[in-house]
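**Q** Quick one: sequence plus predicted model below, questions after.
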Amino acid sequence: MFPEPSQTESLEQTGVSDNQSHTARRVPLAQVAGLVGVLLLAASSVSVGAVPVDADPGVIPALGGIADLPVLGLAAALVGMGLVVTGWLLLATVLIPHPGAISSRRIVATIALWIAPLLVVPPMFSDDVYSYLGQGAVANQGFDPYAGGPADFLARGDPLGRNVSGYWERSAAPYGPVFLLIAQLIVRIVGADIIAGIALHRIAELVGLALVLWALTALARRTGGRMSRALWLGVLNPLVLFHLVAGIHNDALMLGLMLAGTELALRGLDHERLGYLPLVVGVGLIGTAAAVKLPAAAALTVVVVVLTHRWGGGPIPFAKSVTVTIGLFGAVLVAFSMASGFGFGWVTGLSTPGEVNSWLAPTNQVGFLVGGIGMLAGVSITQAAIGVGKVIGAVVAVVLGILVLRRMLDRTVEPLTGLGLLFAVAVVCGPVVQPWYLLWCVLPLSAVALHTRWLWVLTWTSAVLAVIVPPLGSGIHGNVPGIALGYALAFAVLATVIMVARSLRIASPAV
């Protein structure tokens, strides 16, 4: 990852007057395309969203009829996804070459515009929020959510258990004690009201996104990145809209706490005299983020590296930095573990996501390939091959992680860039990969002044992963002919839109 060349810097300083006509045309067009996209997603949610089993979306005025037309709903959702990604990419053609062409205030307004319609829809792209509610209900009734799943403890027919996916209904909670405390509190507040429970979980994730927005602007200012570009890549990202806002994944809370903690800790280390309060609070927030989902602990490397540099570098300062940081972090985890009432049972739940073989994980893909070859030979070795692939992935991740950390310590790699690279290693080599996991590395990197080449890599990877998983609610799930027809309709509509755009010369490259 290298900084932008001086030619680009001079362009940013002198302005983009020669591109004002492009900006004047492209930015409003992108905003409208994205808005129409999220409105289509919102309208289709009654058909292809994860609607609660006892809900009747047919009673919703104007939109209720779509619930009985799942093929049309899927087509509308796919067109909506395509328009959101297209609008986001249009903004990329302006912001990547000329980040000063759009103000950060306008990006924030676009974020609000695109997020708003997705705040009042059923969960989309995932039904994990029902697992959150089920695990919260288990804890609220005094059972240990790390000892089994909602189906093991909740009464048959319990509304908070009936909506949990069959994949996870008997699985232990894979989240840390802080998130279980939040889930338990939400259930205590709403009782069996699923709609209210969904709303409160969405509010919790919005708090996380607000922390992300604040932290990214502060980190971009610190590293010399551009705030408008950081907010576009990090918060307006379609993966955020589809999976953190519409999907209500708790990664939003984890990332928000982690990035806010990183910024506060760095503020403590910026002082002429060590700022103990912001350092302790920052590491505490990173610990809180890890007590939501453990991968947030990777942010400790930033604190360790910067503290080591502050103390002169070398093995002894490094050892001191690790001791101080891990000590503070460990104290936070112990405190939350004890406060939850379930001790350290959450450690055993960390293996739960691996119970289902993730098809996006590169290590698993190798296992599937070897297993397929074995099936041709009449031998069932798929699971064994996947297991070997996971071990190899773990070894490679450790080696690459040490190399990145070493580059951070010798100042070859900027600490925040190093954090993004560590997350990239974890995603590529990890046993479980979901599309939104890319945000773990995209968000830290979005605040850094990256070379244009790497910005486009992150942009196109985000765009591809954003459209790779469609929303398939119960009305269309498993209906292969209906899914194929929905895709055909969506492709026809999107192709028509693209052809019209090209004929009007609104899709020509920016100069």
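**A** Now that the structure is in, tell me what you want to look at. No experiment lies behind these values; they were computed from the predicted model shown.
**Q** Let's verify G313: helix, strand, or coil?
**A** coil (DSSP: H, G, I helix; E, B strand; the rest coil).
**Q** where in this protein is pLDDT low?
**A** Applying pLDDT under 70 to the chain flags residues 1-24, 56-67, 355, 474-475, 504-511.
**Q** in the stretch 301-450 of the chain, which spans are helices?
**A** 315-340, 362-376, 382-409, 415-429, 438-446 (DSSP state H, counting those that start in this stretch).
**Q** Can you tell me the closest non-neighbouring residue to T382?
**A** G371 (2.7 Å; CB to CB, 6 or more residues apart in numbering). Where you see a C-beta, it was placed from the backbone N, CA and C, and this is true even at glycine.
**Q** my bad, should have said L455
**A** I96 (5.1 Å).
**Q** ok, now which ones touch that neighbour?
**A** Going by CB atoms under 8 Å, 6 or more residues apart in numbering, I96 touches 229, 452, 455-456, 459.
**Q** Can you tell me which of the residues you listed are buried?
**A** 229, 455, 459 (16 or more other CB atoms under 10 Å).
**Q** Would you mind confirming that the first one is in contact with L95?
**A** If I follow you right, that is R229. Yes: using CB atoms under 8 Å, R229 is in contact with L95, at 5.0 Å.
**Q** re earlier: give me the distance between the residue nearest to T382 and G354.
**A** 16 Å (CB to CB, to the nearest Å).
**Q** between the two, which one's more packed in?
**A** G371 (19 against 16; other CB atoms under 10 Å).
**Q** surely the more buried one meets G387?
**A** No: applying CB under 8 Å as the test, G371 and G387 come out as separate, 10.8 Å apart.
**Q** Same question for stretch 348-368: list its buried residues.
**A** 349, 352-354, 357-358, 360-361, 363-368.
**Q** Could you dump the residues you listed into JSON lines and include distance to Q31?
**A** Listed next are the buried residues of stretch 348-368 as JSON lines, based on distance: CB to CB, whole Å:
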{"residue": "G349", "distance to Q31": "42"}
{"residue": "T352", "distance to Q31": "40"}
{"residue": "P353", "distance to Q31": "36"}
{"residue": "G354", "distance to Q31": "40"}
{"residue": "N357", "distance to Q31": "40"}
{"residue": "S358", "distance to Q31": "35"}
{"residue": "L360", "distance to Q31": "31"}
{"residue": "A361", "distance to Q31": "35"}
{"residue": "T363", "distance to Q31": "40"}
{"residue": "N364", "distance to Q31": "38"}
{"residue": "Q365", "distance to Q31": "37"}
{"residue": "V366", "distance to Q31": "42"}
{"residue": "G367", "distance to Q31": "43"}
{"residue": "F368", "distance to Q31": "41"}
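**Q** Now flag whichever of those is closest to A466.
**A** L360 (13.0 Å; CB to CB).
**Q** Distance of the residue nearest to the closest one when sequence neighbours are not counted relative to W440?
**A** Distances taken as CB to CB, 6+ apart place V433 nearest to L360, at 4.1 Å, with adjacent residues excluded. Using CB to CB, V433 is found at 11 Å from W440.
**Q** what is in contact with those two at once?
**A** Joint contacts of V433 and W440 (CB under 8 Å, 6+ apart) are V427.
**Q** quick revisit: wait, which of the helices of the stretch 301-450 of the chain is closest to I102?
**A** So among the helices of the stretch 301-450 of the chain, helix 438-446 is nearest, using CB to CB, at 14.8 Å.
**Q** As PDB, could you dump the C-alpha coordinates of that closest one?
**A** The C-alpha trace of helix 438-446 is given here as PDB (Å, rounded to 0.1, in the frame of the first residue of the first chain):
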ATOM      1  CA  LEU A 438     -14.400  -7.600   3.800                       C
ATOM      2  CA  LEU A 439     -15.400  -4.500   5.800                       C
ATOM      3  CA  TRP A 440     -13.000  -5.500   8.600                       C
ATOM      4  CA  CYS A 441     -10.100  -4.600   6.300                       C
ATOM      5  CA  VAL A 442     -11.900  -2.000   4.100                       C
ATOM      6  CA  LEU A 443     -12.800   0.300   7.000                       C
ATOM      7  CA  PRO A 444      -9.300   0.800   8.400                       C
ATOM      8  CA  LEU A 445      -7.800   1.100   4.900                       C
ATOM      9  CA  SER A 446     -10.500   3.700   3.900                       C
END
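**Q** Distance from the chain centre to that helix, please.
**A** 9 Å (CA atoms, centre = their mean, to the nearest Å).
**Q** so what does the next helix or strand after that helix touch, helix or strand wise?
**A** Where DSSP states H and E defines the elements, the next helix or strand beyond helix 438-446 is helix 452-467. In terms of contacts (3 or more CB pairs under 8 Å, 6 or more residues apart in numbering; DSSP states H and E), helix 452-467 is packed against helix 70-95, helix 227-234, helix 238-239, helix 438-446.
**Q** The helix or strand harbouring L489: which residues count as buried?
**A** Assigned by DSSP H and E, L489 belongs to helix 480-503. Neighbour-count burial for helix 480-503 flags 482-483, 486, 489-490, 493-494, 497, 501 (criterion: 16+ other CB under 10 Å).
**Q** Same question for stretch 331-347.
**A** 332-333, 336-337, 340, 342, 345-346.
**Q** Show me which of the residues you listed is closest to P317.
**A** Nearest to P317 among these, with distances taken as CB to CB, is V332, at 23.0 Å.
**Q** who touches the closest residue in space to that closest one that isn't next to it in sequence in this structure?
**A** Closest residue to V332 apart from its sequence neighbours, by CB to CB, 6+ apart: G287 at 3.1 Å. The contact partners of G287, taken as CB under 8 Å, 6+ apart, are 261, 297, 328-329, 331-333, 336.
**Q** same check, this time on V427
**A** Counted by CB under 8 Å, 6+ apart, V427 has contacts 433, 437-438, 440-441.
**Q** do L180 as well
**A** Contacts of L180 by CB under 8 Å, 6+ apart are 135-136, 139, 145, 173, 340, 342, 346.
**Q** Just the ones of those in strands?
**A** Residues of these located in strands (DSSP state E): none.
**Q** Just the strands from the stretch 51-200 of the chain, written as ranges.
**A** In the stretch 51-200 of the chain, no strands are found when defined by DSSP state E, counting those that start in this stretch.
**Q** Distance from the host helix or strand of R222 to the middle of the chain?
**A** Using DSSP H and E, R222 sits within helix 194-223. Average the C-alpha atoms of helix 194-223, do the same for its chain, and the two points are 11 Å apart (CA atoms, centre = their mean).
**Q** Then stretch 166-176?
**A** 19 Å.
**Q** hey, C-alpha coordinates of it in PDB?
**A** Extracted in PDB, the C-alpha atoms of stretch 166-176 (Å, rounded to 0.1, in the frame of the first residue of the first chain):
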ATOM      1  CA  GLY A 166     -32.500 -24.300  11.500                       C
ATOM      2  CA  TYR A 167     -28.700 -24.000  11.000                       C
ATOM      3  CA  TRP A 168     -28.300 -22.300  14.400                       C
ATOM      4  CA  GLU A 169     -31.300 -23.300  16.500                       C
ATOM      5  CA  ARG A 170     -29.200 -25.800  18.500                       C
ATOM      6  CA  SER A 171     -25.800 -24.000  18.300                       C
ATOM      7  CA  ALA A 172     -24.100 -22.200  21.100                       C
ATOM      8  CA  ALA A 173     -23.800 -18.400  20.900                       C
ATOM      9  CA  PRO A 174     -20.600 -17.400  19.000                       C
ATOM     10  CA  TYR A 175     -20.500 -13.900  20.400                       C
ATOM     11  CA  GLY A 176     -18.800 -12.200  23.300                       C
END
